[in-house]
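Colleague: Prediction below, plus the sequence it came from.
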Amino acid sequence: MAVNHPPEPGIWFTNLSGQNLLVFATSYRDGTISRVVLRYLSGVQKIITIEDWRRLDLIRRHLPPRQMVEQG
């Protein structure tokens, strides 16, 4: 079951596969979020709909993943 976190730019999440992803940006249509831009640690960027976002099982992270801190 998906936990519905709002897609806030700058917030990190971990999915059920253990992948860390950043909400990089959101786009709006008629005043509501319509798309979410995700960026993975690998650098891959993906644009998904807000409906797809709501189906994701994500754990919110309060700090950047350790790999990012070590790479930075």
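Modeller: Received the coordinates, thanks.
Colleague: Any buried residues in the helix or strand where F24 lies, and which?
Modeller: Using DSSP states H and E, F24 sits within strand 20-29. If you call a residue buried by 16 or more other C-beta atoms under 10 Å, then strand 20-29 has these buried ones: N20, L21, L22, V23, F24, T26. For glycine as for every other residue, the C-beta is placed from the backbone atoms N, C-alpha and C.
Colleague: now swap in stretch 5-21 and tell me
Modeller: Buried residues in stretch 5-21 (16+ other C-beta under 10 Å): P7, W12, F13, N20, L21.
Colleague: These: which two are farthest apart?
Modeller: P7 and N20 (15.2 Å; C-beta to C-beta).
Colleague: sorry, back to before: of all the buried residues of stretch 5-21, which comes closest to L41?
Modeller: Once C-beta to C-beta is applied, the member of the buried residues of stretch 5-21 that ends up nearest L41 is N20, at 5.1 Å.
Colleague: how much space is there between the closest one and L38?
Modeller: 10 Å (C-beta to C-beta, to the nearest Å).
Colleague: where does the closest residue in space to R61 that isn't next to it in sequence land on pLDDT?
Modeller: Closest residue to R61 apart from its sequence neighbours, by C-beta to C-beta, 6 or more residues apart in numbering: W12 at 4.1 Å. With respect to pLDDT, W12 scores 94.
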